[in-house]
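Q: I need the structure of the sequence given here:
(one chain, ligands or ions: 3)
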Amino acid sequence: MSAPKKLFIKTYGCQMNVYDSERMAEALGGEGYVETKSPDDADMILLNTCHIREKAAEKVYSELGRFKGLKAEKPDLKIGVAGCVAQAEGQEIMRRQPLVDLVVGPQSYHRLPEMEAKAREGEKVLDTDFPEEDKFEKLKNRPKAKRGPTAFLTVQEGCDKFCAFCVVPYTRGAEVSRPADRILREAQDLVERGVREITLLGQNVNAYHGAGANGDMTLAQLIWELDKVDGLERIRFTTSHPNDMQDDLIEAHGTCAKLMPYLHLPVQAGSDKILKRMNRAHTAESYLRLIERIRAARPDILISGDFIVGFPEETEADFQATLDLVEEVKYGTAYSFKYSTRPGTPAAERPQVDPKEADDRLQRLQALLTKQQREVQDSMVGRDVTVLFEKAGRFPGQMVGKSDYLHAVHVADCDRAIGNLARVRILSSGANSLAGALID
Ligand code: SAH
Ligand code: SF4
Ligand code: F3S
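A: Ligands and ions are numbered 1, 2, ... in the order given. All right, here's what the predicted structure looks like:
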């Protein structure tokens, strides 16, 4: 038998790309590839890319440039670009960087094995179609290898919302939900391989409407089905849109014990004028009322969000409305970005905000969000939480895991194994994590 070929995958962007990279590694595993942690000994390098902001897309070209030397030393090395830059820029990538052998869009990963074979024969291959078939069904080369305690599971892909700033509807295509029975089979398989916590993924995960035994199912119905899977202890989902937060999902946060008290619910901005121009189809007020209802169902839920500052025509007063909304919600975590012009999106045509002004706003927003994050984390001290242990800590006898609220927790003198859950009393709050002790 010949030595296995080595595959190096570098993943950028969102969790969906993380999930896709695993699937690509499995698909190429069927072609005799094993993964390597370094590009230096790889026979194939795949960059799984993100197009969401300009900087993210530019990173890909500078990264590709760095492989020039490697490719000169090793002419058989194949270099591929996958993900959202592949989808958005296709041919352009090969023109700009001739060392690229293969370009594959997010909906064509099941065709990777054939594409790899063609690339081996010296062809340049490109596939950025949106085929009808379910790529995940065809990506089933999975070895029954053991896995860590947490996993992502894509249940829904694509987006029909067309927020005025966003490339996702173009790079990932129209919204598609996977049928429930496939998701349940995959979840069962993950649990058999050691997974205890599953995060359901979708660009608009709460718009899930996959086929079930009795017609289309909501995300809450899918969660209740997953709740029945023995050995699965925790369920999370991301990312949600405020307008798809249905009553049964809100209710599940209060009644489903496996559903964790954490919700990522991006609002983007606090000014109704800006929200309207963003095509978000919700107001600041409707978002705040929604948060109220969610907290009524699950008072201790940790709310997380995404924000964009410096969206075209955002004034200081508009920005102030974002700060006011943040003050009112009190976020446990948040991601905030300076608006980045994306060619082809409607907002790219609008009058842009002065970049210095946008920088200044971003700093002010981040200062407020960091302060809130700190307060929420510090408020955990003295409380008892459940921790799922994910790895050994830096010190002997120390274990690290995540609380129900997704805070990293360090536990000293811990005799629990990876994958175990334990009740932990939080003793102190550090820079980016909590420290606690086992209760029994
Ligand atoms: N589907 C998710 C996430 C989309 S991308 C959702 O709807 O929330 C993740 C985040 O990136 C967005 O929530 C938004 O805050 C940010 N983002 C998207 N496009 C952007 C752009 N052009 N400039 C700056 N930030 C952007
Ligand atoms: Fe982008 Fe808006 Fe869709 Fe989220 S809901 S993926 S921000 S278009
Ligand atoms: Fe980026 Fe594509 Fe995800 S643009 S955020 S990798 S959907």
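
Q: counting contacts, what elements does the lowest-mean-pLDDT helix or strand in the chain pack onto?
A: None of the helices or strands of the chain scores lower by mean pLDDT, DSSP states H and E than helix 135-138, at a mean of 71. Judged by 3 or more C-beta pairs under 8 Å, 6 or more residues apart in numbering; DSSP states H and E, helix 135-138 is in contact with helix 180-192. Using the backbone N, CA and C atoms, a C-beta is placed for each residue, glycine as well.

Q: what pLDDT, on average, does the helix it packs on get?
A: Helix 180-192 shows a mean pLDDT of 95.

Q: what lines up beside the following helix or strand past that helix in the sheet?
A: Counting by DSSP states H and E, the next helix or strand C-terminal to helix 180-192 is strand 197-201. Using DSSP bridges, the strands paired with strand 197-201 are strand 150-154 (parallel), strand 234-238 (parallel).

Q: hmm, the last one touching ligand 3?
A: Read that as strand 234-238. No: judged by C-beta under 6 Å from any ligand atom, strand 234-238 stays clear of ligand 3, getting no closer than 11.6 Å.

Q: neighbours of Ala348, just the number please.
A: Each residue near Ala348 was counted by other C-beta atoms under 10 Å, and the total is 14.

Q: how about it, what does it touch?
A: With contacts defined as C-beta atoms under 8 Å, 6 or more residues apart in numbering, the neighbours of Ala348 are 341-342.

Q: Look at it and report its pLDDT.
A: 95.

Q: For it, give me the backbone phi and psi.
A: When quoted as degrees, to the nearest 10, the phi and psi of Ala348 stand at phi -60, psi -20.

Q: Kindly report the same for Leu438.
A: Per degrees, to the nearest 10, the backbone of Leu438 is at phi -60, psi 140.

Q: For it, list each beta-bridge partner.
A: With DSSP bridges applied, Leu438 shows beta-bridge pairing to Val424.

Q: Could you single out the most deeply buried of the strands paired with strand 197-201?
A: Highest mean neighbour count of those: strand 234-238, a mean of 23 (counted as mean count of other C-beta atoms under 10 Å).

Q: which parts of the least confident helix or strand of the chain are buried?
A: 135-136 (16 or more other C-beta atoms under 10 Å).

Q: Run the chain-centre distance for that helix.
A: How far helix 135-138 lies from its chain's middle: 19 Å, per C-alpha atoms, centre = their mean, to the nearest Å.

Q: Same check on stretch 81-95?
A: The answer for stretch 81-95 is 20 Å, by C-alpha atoms, centre = their mean.

Q: Residues contacting it, please?
A: Against stretch 81-95 from outside (C-beta under 8 Å, 6+ apart): 12-13, 17, 20, 24, 46-52, 56-57, 60, 64, 100, 102-107, 109, 124, 126, 128, 167-168, 170-172.

Q: got the residues of the stretch 51-200 of the chain near ligand 2?
A: So the stretch 51-200 of the chain meets ligand 2 at 159, 161-163, 166, 168-169 (C-beta under 6 Å from any ligand atom).

Q: any chance of these in CSV, plus secondary structure, neighbour count and pLDDT?
A: CSV is the format used below for these (DSSP: H, G, I helix; E, B strand; the rest coil; neighbours: other C-beta atoms under 10 Å; pLDDT from 0 to 100):
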residue, secondary structure, neighbour count, pLDDT
Cys159, coil, 23, 96
Lys161, coil, 17, 96
Phe162, coil, 14, 97
Cys163, coil, 21, 98
Cys166, coil, 21, 98
Val168, helix, 22, 96
Pro169, helix, 18, 96
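
Q: Surely Ile45 is within a helix?
A: No: Ile45 is assigned strand when assessed by DSSP: H, G, I helix; E, B strand; the rest coil, not a helix.

Q: Three-state assignment for whichever residue of the stretch 201-350 of the chain sits closest to ligand 2, please.
A: Closest approach between the stretch 201-350 of the chain and ligand 2, counting by C-beta to the nearest ligand atom: Gln203, at 4.4 Å. Counting by three-state DSSP, the backbone at Gln203 sits in coil.

Q: quick one: contacts for the closest residue to it other than its chain neighbours?
A: Once flanking residues are discounted, Gln203 sits nearest to Cys159: 4.5 Å by C-beta to C-beta, 6 or more residues apart in numbering. Cys159 makes contacts with 166, 168-169, 172, 174-175, 203-204, as judged by C-beta under 8 Å, 6+ apart.

Q: Test my guess that the residue of the stretch 201-350 of the chain closest to ligand 2 contacts Arg172.
A: Yes: here Gln203 reaches Arg172: they are 6.0 Å apart, a contact under C-beta atoms under 8 Å.

Q: where do the contact lists of the two overlap?
A: By C-beta under 8 Å, 6+ apart, the residues touching both Gln203 and Arg172 are 16, 157-159.

Q: Nearest to Lys5 among the strands paired with strand 197-201 would be which one?
A: Distance to Lys5, taken as C-beta to C-beta, is lowest for strand 150-154 among those, at 25.7 Å.

Q: who touches the closest one?
A: 15-16, 18-20, 22, 136, 178, 183, 186-187, 190, 195-202, 388, 390, 402.

Q: Which entries within the residues you listed meet the buried criterion?
A: Buried by 16+ other C-beta under 10 Å: 16, 18-20, 22, 136, 178, 183, 186-187, 190, 195-202, 388, 390, 402, out of the contacts of strand 150-154.
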